[in-house]
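Novice: Okay, sequence plus prediction incoming.
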Amino acid sequence: MKINRICCIGAGYVGGPTMAVIALKCPKIKVTVVDINQNRIDAWNGAYNQLPVYEPGLAEVVKLTRGRNLFFSNQIDKVIEESEIIFMAVNTPTKNKGEGAGMAADLKYVEACAKNIAQVAKTDKIVVEKSTLPVRTAEKIKEILITHGRNDVHFEILSNPEFLAEGTAIQDLFKSDRVLIGGDNTLTGQLAVKALFDIYSQWIPKEKILKTNVWSSELSKLASNAMLAQRISSINSLSALCEKTGADIDELSKAIGMDHRIGPKFLRASVGFGGSCFQKDILNLVYLCKYYGLHEVAEYWLQIIKINDYQKNRFAQKIIDGLGGDVNQKKIALLGWSFKPNTNDSRESPAINVAVNLLNKGAYLNIFDPKVDEINIRKDISKLSSKTSFQVYRDLNLSIKDVNSVAIISGWKEFLRIDSVENIIFNGSFLKFKNFKYKIGK
Ligand code: ADP
């Protein structure tokens, strides 16, 4: 099957970078990213001086491809109709009401998107799940497509989860460890798998493209994220023990990571993991296990989130303890707002919990992040606290002037400079949270 036009619904952190790289690597395919958010589309089209997603290398890829074979549009119906493959990269937050609230993924955006495709499509389509989704979502999408679609149109659903890590998305897309394509074991299913395989094999070695059934592909994504988060919670739990015993968590990480069976990645203590995927995926996994009556398995994975919450609270408490047990009226610089360095994404960032915790105890915060917009920082805080005793800085040096302490939440390289002057006293005490310098995410 020859593919000439691809559409991606959702111009966010997944859709934007992924499609930019597909467009770069497949110059003969017209790739159009659509979104209901006009502002986002305008931003991708260069209306503002920055793209809506910050990723090292992304702007360069967009510059090369935009207007050549990469397009951003809000004409969703038209683009769906003219495309042979439609990727769904819409948001799938955790449900906040109804059955499974606080745990299961809210599929309303995915469902709306599937309905949209069904109602518009006049020719056969391959629909690719790109968003992180609970296992067996493909079945649900298929049901919607069949119910709302025309009888003479055939839809083939593939699962092709995105494994990119924010902050290194472009490199990850260029050199993926693996690409997973899950499809039905039918003739049309396998033809669809082959069509997507042919796209990725333009730049990914064929042996790294795994063909699986749809459910294995869906579950692999949840399981991969759960295993990564588990490493972070494991090392973070040990950081608490290190502080009690006098062992050094950095030394411990190094020693553990040198075992080739374990390896060094995702083994640095931090304030906790964040990002839009880890917590959501683990909660999905927990929900799924409970649904199938696997209560011990559910409890096991839930503990990873509990340790993450514990670590965030512990970090805030360390700041409070370091300032004599009371932060009321004290000024604290909080450096790093995104959930990890090299991204402007602050979804589920531990910085939010730490900030809210301190604000609620009367602290005054100076917040600095190299990439996160002030508007987003304000939104993040206002969802959890009505406190306004904070200021957002665009200048690192100003943000740390005359504060009682500086707390480094994530490892932007700009902050390393500060770390090297640990003895400088900022109008009080400089707290060097050695164990918490780096954060690793998604
Ligand atoms: P992710 O990190 O998964 O990419 P984002 O929230 O960054 O998530 O992006 C998802 C995008 O999907 C948002 O820009 C949102 O406006 C868009 N979106 C959600 N539902 C629809 C829909 N039905 N049609 C088009 N775009 C949608």
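Specialist: Noted; the coordinates are in hand. Residues are numbered from 1 along each chain as shown.

Novice: Could you list the contact residues of the stretch 201-350 of the chain toward the ligand?
Specialist: By C-beta under 6 Å from any ligand atom, the residues of the stretch 201-350 of the chain that approach the ligand are Ser276. Using the backbone N, CA and C atoms, a C-beta is placed for each residue, glycine as well.

Novice: In the stretch 201-350 of the chain, what residue comes closest to the ligand?
Specialist: Ser276 (5.0 Å; C-beta to the nearest ligand atom).

Novice: can you pull the contacts of that residue?
Specialist: 13, 91, 93, 345, 347-348, 442 (C-beta atoms under 8 Å, 6 or more residues apart in numbering).

Novice: what about Asp77, which helix or strand?
Specialist: helix 76-82 (DSSP states H and E).

Novice: Give me the buried positions along that helix.
Specialist: 76, 79-81 (16 or more other C-beta atoms under 10 Å).

Novice: Find the closest residue to the ligand in this structure.
Specialist: Counting by C-beta to the nearest ligand atom, the chain gets nearest the ligand through Gly12, at 1.9 Å.

Novice: Quick check, pLDDT for that residue.
Specialist: With respect to pLDDT, Gly12 scores 95.

Novice: for Tyr291, same thing?
Specialist: So, for Tyr291, pLDDT stands at 92.

Novice: How about the contacts made by it?
Specialist: No contacts exist for Tyr291 under C-beta under 8 Å, 6+ apart.

Novice: Phi and psi next, for it.
Specialist: Dihedral pair for Tyr291: phi -60, psi -40, per degrees, to the nearest 10.

Novice: next one: Cys242
Specialist: phi -60, psi -40.

Novice: quick one: the spatially closest residue to Ile199 that is not a sequence neighbour from Ile141, how far?
Specialist: Spatial nearest neighbour of Ile199, chain neighbours left out: Cys26 (5.9 Å); criterion: C-beta to C-beta, 6 or more residues apart in numbering. Cys26 sits 24 Å away from Ile141 when distances are taken as C-beta to C-beta, to the nearest Å.

Novice: One more: Lys331?
Specialist: With distances taken as C-beta to C-beta, Lys331 is found 51 Å from Ile141.

Novice: quick one: which of those two has more around it?
Specialist: Ile141 (25 against 20; other C-beta atoms under 10 Å).

Novice: quick revisit: tell me if I am right that the residue of the stretch 201-350 of the chain closest to the ligand is in a helix.
Specialist: No. Read with DSSP: H, G, I helix; E, B strand; the rest coil, Ser276 is coil and lies in no helix.

Novice: Low-confidence stretches in the stretch 251-400 of the chain?
Specialist: For the stretch 251-400 of the chain, no stretch has pLDDT under 70.

Novice: Who are the packing partners of the strand or helix carrying Ile181?
Specialist: Secondary-structure assignment from DSSP H and E places Ile181 in strand 179-182. Strand 179-182 is packed against strand 155-159, helix 187-200, strand 209-212, helix 214-245, with contacts defined by 3 or more C-beta pairs under 8 Å, 6 or more residues apart in numbering; DSSP states H and E.

Novice: need the next SSE after the last one, C-terminal direction.
Specialist: This means helix 214-245. Following helix 214-245 toward the C-terminus (DSSP H and E): helix 249-257.

Novice: what does the first one give?
Specialist: The element immediately downstream of strand 155-159 (helix or strand, assigned by DSSP H and E) is helix 169-174.

Novice: then that next one to CSV, C-alphas only?
Specialist: C-alpha atoms of helix 169-174 as CSV (Å, rounded to 0.1, in the frame of the first residue of the first chain):
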residue,chain,number,x,y,z
ALA,A,169,12.6,13.6,21.8
ILE,A,170,14.3,14.4,18.6
GLN,A,171,17.3,12.2,19.3
ASP,A,172,15.0,9.4,20.5
LEU,A,173,12.9,9.6,17.3
PHE,A,174,16.0,9.6,15.2
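
Novice: which residues sit against that helix?
Specialist: Against helix 169-174 from outside (C-beta under 8 Å, 6+ apart): 13, 17-18, 20-21, 55-58, 61, 163-165, 203.

Novice: so which of these comes closest to Ala226?
Specialist: For the contacts of helix 169-174, the minimum distance to Ala226 (C-beta to C-beta) is 13.3 Å, reached by Phe163.

Novice: right, and that closest one touches Ala223 too?
Specialist: No. In this structure Phe163 lies outside contact range of Ala223 using C-beta atoms under 8 Å: 11.6 Å.

Novice: Counting neighbours, go ahead and name the busier of the two.
Specialist: Taking other C-beta under 10 Å, Phe163 and Ala223 do not tie; Phe163 has more neighbours (18 against 15).

Novice: What segments of this protein are strands?
Specialist: Counting by DSSP state E, the chain has strands at residues 5-9, 30-34, 70-73, 85-88, 125-129, 155-159, 179-182, 209-212, 331-335, 364-368, 390-393, 405-408.

Novice: Quick one: closest of the ones you listed to Arg231.
Specialist: Closest among the strands of the chain, using C-beta to C-beta: strand 179-182, at 20.5 Å.

Novice: rewinding a little: pLDDT and distance to Lys340 for the buried residues of helix 76-82 - can I get that in a markdown table?
Specialist: Listed next are the buried residues of helix 76-82 as a markdown table, based on pLDDT from 0 to 100; distance: C-beta to C-beta, whole Å:
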| residue | pLDDT | distance to Lys340 |
| --- | --- | --- |
| Ile76 | 97 | 32 |
| Val79 | 98 | 32 |
| Ile80 | 97 | 34 |
| Glu81 | 96 | 39 |
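
Novice: ok, and which of these reach the ligand?
Specialist: Ile76.

Novice: CSV please, covering the buried residues of helix 76-82 and showing distance to Leu180.
Specialist: Converted to CSV, the buried residues of helix 76-82 look like this (distance: C-beta to C-beta, whole Å):
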residue, distance to Leu180
Ile76, 27
Val79, 25
Ile80, 24
Glu81, 28
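
Novice: from the buried residues of helix 76-82, which is closest to Lys122?
Specialist: Glu81 (6.2 Å).

Novice: Excluding covalently adjacent residues, which one is nearest to the closest one?
Specialist: Nearest to Glu81 is Val120, by C-beta to C-beta, 6+ apart, at 5.4 Å.

Novice: tell me the contacts of the one you found?
Specialist: 76-77, 80-81.

Novice: what's the first-to-last distance across stretch 25-36?
Specialist: With C-alpha to C-alpha, to the nearest Å as the measure, stretch 25-36 spans 26 Å from end to end.

Novice: Going forward, count from 52.
Specialist: Done: numbering now begins at 52, and the last item shifts to stretch 76-87.

Novice: what does the strand holding Ile232 rub up against?
Specialist: By C-beta under 8 Å, 6+ apart, strand 230-233 touches 189, 209-212, 214, 244, 247-248, 251, 255, 259-269, 271-272.

Novice: how close does Ser400 get to Asn379?
Specialist: Counting by C-beta to C-beta - Ser400 and Asn379 are separated by 24 Å.
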